[in-house]
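[1] Quick one: sequence plus predicted model below, questions after.
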Amino acid sequence: MRALRTVFTLMMLFFNHVLWSQTQVQTRYGDRLFVGELLLRVFGPDCKTIVEKEVFNKPHIFGGPCDPYSQRLVKVKEGYKTVGPREKCSESFFSQYRADLIVENSPLRSGAIAKVCQSLSQKKACLNHALKGIDKEKDSIEEIFRLFYPIGHERLLGEFKMAFEDVSRKKSIDHKFLLKLFCQSEEWQIL
Amino acid sequence: MRRTLAAFLTLILLGLVGCQELPQKTPSISSVDAAKVLKNRCLDCHRDYQNFKDEDFIKRGLVVPGKPQSSFLYASLRNSDSGAEQTMPPKEAGDPLSPEEVLALKKWIEKIKVPEVKVVELETFSKGGDLLSEAEIFSRCYGQWLRSPLPRHHTLLKKIEEGKLSGVQACKVLLNKASLEKEAIVNSDEGRKLIQTFQSLHRSWFSELNLYNTDEQWGNFEIYDPGNLAAYFTYSLFHSKKDLASIFRGKTSYELIRKSDARREYFIFPYQETSAKPLKLKNFSFGSGEEKGEDVYPPWKIRPIPTGEIVGIRPAPKKRDILPTMVDTRKGQKEFHGQRVYHLNQDIRLGRGGGILGDPLFLLLNMKMEIGKASDGGKRIPRKWATSIFKDFMCRDLPVVPIPRAKKYIRKDSPLSFRQKASCVQCHMSMDGIAGLIRNFEVNYSVDSGLGRYIQTSHIRARKSTKTSATPILGDGDEKYSLEPARGLLAFQSRSGLYYEREVASLEELGDFIAESSDFYQCMSKRYLYFLTGINLDLDGKDLSSGHERVLWQFNQKLALRLQDHQSLRQLIEDIISSPLYRDRHYLQNMKNEKQREPAQYDEASY
């Protein structure tokens, strides 16, 4: 009986492997260019170094191919460096040539997002740039949410508001905390 | 395979009950004449046809609307002019159809209209009704296609808010910003980003992009850009007069136009990892006119491949990049004396016919042959090129023919292992078969560069063919093979089950075949579906898939049928983004949940 069972299980494994359709469903996350540009828009051009280092130069985490033909080598004081448009890559030459345009979320990626959001909101110039337009008299949750979600996403906004229902005086919620919270949320990265 | 088996079982069952007279209806299709033919000549065996309408024939892959030649049902008729294997009705059942009967079926299929893309089930699947707003749809396509967040005050966004445009319409207007019809260079920032994104997408479809074979060919990186292959698709997307099938026609290749503010002084490729000093481009020239052995190498001042931001695409100008001389290094790779020199004055961008199939870059990337050696039709065959054609343009992995078809080409007495067994022939007949079309080509070097290093570039050279053709296409290897006129064997079974086995005489003919095959269009729509929605459909898993996958498969099939008809990638994109699939926030999640549930059915099997 037991043997029969094993055989049956093996058979099922076999069919599962051979006959299963390989269709994959992935939620599309924006690549390094999309993520980096949105962060720059929120935190301002002074934060370029951080975004460059933590996002634009990490195609292996955020996706987004590199085109080695987009860049040129130029001589500078310290030696040579590559210059080019957004599809240039810092180090690896051809290795990211065919990197995916579509990437899924991964622990690595959410870690990287957490890190860059942390660094950006730690830096005074970036923090100030992000919060400079926020009206202290209005609902700060919505105001800061809109930095990352300029259009739509009403449902998500509603959920966030609900989560803060208990906090009696909404205006007193730390803006920096909200900024980090929305920065690290996933939905704005989904395309 | 499964299809044949199913048909076989059905027919056995029919055979068992076959003696009984079952009532036969006339199929209710759009042509009375065709219905009569089906009734009189087919229903005896294909009883299910009697309940079919036009759309049932389409759904089952038996008919491609408007295209009898590509339709399984027509192509399999014994008297049709399709080029596919023709078996119906079977010989045992009597005479083939009369010319009039064949014509009736042909006319019927020609008149069938391509169906709308609407797949009702797609809509019923969206639960919860959390749909993207018009503005959100635009924000989605903007983010996907430009890889930039949509500016809050974008003019198209305003128009959507004023109710003047729908989200999909705004996306269409956006796409037009990269139009290449009037000018090869796109001036707007948005237009350039569009070109760059789609260029990256198309580039990812090619299985071989690496120009590096041996050290000597480092020079290739300075004169070729593998991205130029993707430019065939990108050009077709943004040029409304270039139908999709045109990428398989002619000898014109395409090139990316690039711009940069920085001066171009150095090589692209950092040749020596250790040295901090990159090579200067200005010294990069060949042949300097000095004597080598008995020969004088004319100078070739090379025009380096452009670098910088992609700003446009154009057909590569003819007779611009002329290579004067090639050397044959068969007698030793680094010895430049005593080798053969060919004075060819060859245009290094000019295709060899069949559009992208004969593009020198596609050949160079995929031939993978030893320098100076052409195919012998046996052991030495440019198989990678053939495999890449099936993979890159039809999303097909070998084998592309079922085992029983291979039997006829098995030769037990062959000295070559892969000609002896059906399990080997099954792959090798298709691969080695079409590779016969590039039998005259070999890869040779330019002479070495003036950089004091062995830096050369490699190029395709065609051997002159003699008039006779005597060696078999699937032979055992013969030096004469590469000197005979090009000739190949096309052995291919489409996903819908149509089987082709015939000789092809040119790359152009092979190109025509691919441009007519449903596998090509299904492959294209599948790739766009993936890019736009994140759903990567398994085209071979149709029969095995879950409910919603089957709906998606049908959707993809309709997209493909329409694409074959309208030939426009832009329209394909519109077809996809107008569907509920693009609008529904939870479609993916629902699909994911369904997929996760599936394996559980087996785990819990009651035994």
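    Received it, and whenever you're ready, just let me know what you need.

[2] Dump the C-alpha coordinates for stretch A:127-144 into PDB.
    Listed next in PDB are the C-alpha coordinates belonging to stretch A:127-144 (Å, rounded to 0.1, in the frame of the first residue of the first chain):
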ATOM      1  CA  LEU A 127      13.800  66.600   4.000                       C
ATOM      2  CA  ASN A 128      13.200  70.300   3.700                       C
ATOM      3  CA  HIS A 129      12.700  70.200   0.000                       C
ATOM      4  CA  ALA A 130      10.200  67.400   0.300                       C
ATOM      5  CA  LEU A 131       8.200  69.100   3.000                       C
ATOM      6  CA  LYS A 132       8.500  72.700   1.900                       C
ATOM      7  CA  GLY A 133       5.200  72.800   0.200                       C
ATOM      8  CA  ILE A 134       3.200  71.000   2.900                       C
ATOM      9  CA  ASP A 135       0.500  73.200   4.400                       C
ATOM     10  CA  LYS A 136       0.600  72.900   8.200                       C
ATOM     11  CA  GLU A 137      -3.100  73.600   8.400                       C
ATOM     12  CA  LYS A 138      -4.300  70.900   6.100                       C
ATOM     13  CA  ASP A 139      -4.500  67.200   6.600                       C
ATOM     14  CA  SER A 140      -0.800  66.200   6.500                       C
ATOM     15  CA  ILE A 141      -1.500  62.600   5.800                       C
ATOM     16  CA  GLU A 142      -3.000  63.400   2.400                       C
ATOM     17  CA  GLU A 143      -0.500  66.100   1.600                       C
ATOM     18  CA  ILE A 144       2.500  63.900   2.100                       C
END
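
[3] Are it and chain B in contact anywhere?
    No - against chain B, stretch A:127-144 shows no contacts by CB under 8 Å from any CB of the partner chain, the least distance being 11.5 Å. Using the backbone N, CA and C atoms, a C-beta is placed for each residue, glycine as well.

[4] what residues does that stretch touch?
    For stretch A:127-144, the external contacting residues (CB atoms under 8 Å, 6 or more residues apart in numbering or on different chains) are A:42-44, A:46-47, A:120-121, A:147, A:157, A:160-161, A:164, A:170-171, A:173, A:175-176, A:178-179, A:182.

[5] For PyMOL, what selects the buried ones among these?
    Paste this into PyMOL to select the buried members of the contacts of stretch A:127-144, with burial taken from 16 or more other CB atoms under 10 Å in any protein chain shown:
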select buried, chain A and resi 42+43+44+47+120+121+147+160+173+175+178+179+182
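
[6] Sketch out the low-pLDDT regions of the chain for me.
    Looking at chain A here, since you left the chain open. Residues of chain A meeting the criterion pLDDT under 70: A:1-20, A:90-95, A:167-172.

[7] Oops, wrong one, chain B.
    B:1-23, B:119-120, B:124-129, B:213-216, B:270-276, B:288-296, B:329-339, B:450-454, B:542-546, B:595-607.

[8] In it, which residue sits closest to chain A?
    Going by CB to the nearest CB, chain A is nearest to B:Gly541 of chain B, at 2.7 Å.

[9] Wait, that residue touches A:Thr23, no?
    Yes - in this structure B:Gly541 lies within contact range of A:Thr23 using CB atoms under 8 Å: 6.1 Å.

[10] Now B:Ser204: closest residue in space that isn't a chain neighbour?
    What sits nearest to B:Ser204 in space, not counting adjacent residues and going by CB to CB, 6 or more residues apart in numbering or on different chains, is A:Arg98, at 5.2 Å.

[11] still on that earlier bit, now the common contact residues for B:Gly541 and A:Thr23.
    With CB under 8 Å, 6+ apart as the test, B:Gly541 and A:Thr23 both reach B:Glu549.

[12] Name the residue in the two with the higher neighbour count.
    A:Thr23 (21 against 17; other CB atoms under 10 Å in any protein chain shown).

[13] Hmm, the more buried one is touching B:Asp540, no?
    No - taking CB under 8 Å as the definition, A:Thr23 is not a contact partner of B:Asp540, at 10.1 Å.

[14] Count the residues that sit near the residue nearest to B:Ser204.
    A:Arg98, neighbours per other CB under 10 Å, totals 18.

[15] Provide the contact partners of stretch B:558-572 at residue level.
    B:58, B:64-67, B:70, B:114-117, B:119, B:172, B:175, B:233, B:236-238, B:240, B:243-245, B:518, B:521-522, B:524-525, B:528-529, B:575-576.

[16] Pop the domain breakdown of chain A in here.
    With domains defined by automatic domain parsing, chain A comprises A:32-57+A:106-189, A:65-98.

[17] Turn these into a markdown table, columns for distance to B:Ser30.
    Formatted as a markdown table, the domains of chain A follow (distance: least, CB to CB, whole Å):
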| stretch | distance to B:Ser30 |
| --- | --- |
| domain A:32-57+A:106-189 | 44 |
| domain A:65-98 | 46 |
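
[18] which stretch among these comes nearest B:Ala374?
    domain A:65-98 (28.4 Å; CB to CB).

[19] so how far does that closest one reach from one end to the other?
    6 Å (CA to CA, to the nearest Å).

[20] where do the helices sit along the stretch 251-400 of chain B?
    B:360-367, B:383-394 (DSSP state H, counting those that start in this stretch).

[21] burial measure for the nearest residue to B:Asp519 once chain neighbours are set aside, as a count.
    Leaving aside its chain neighbours, B:Asp519 sits nearest to B:Met394 (4.1 Å; criterion: CB to CB, 6+ apart). Counted with other CB under 10 Å, residues neighbouring B:Met394 total 22.

[22] if we can go back for a sec, what about chain A: which of the contacts of stretch B:558-572 touch it?
    Answer for these near chain A: none qualify (CB under 8 Å from any CB).

[23] Please, which helix or strand holds the residue of chain A found nearest chain B?
    Relative to chain B, the nearest point of chain A is A:Ser21 (2.7 Å; CB to the nearest CB). Assigned by DSSP states H and E, A:Ser21 belongs to no helix or strand.

[24] B:Leu437 reaches B:Leu489, doesn't it?
    No - B:Leu437 is not in contact with B:Leu489 according to CB under 8 Å; the separation is 9.4 Å.
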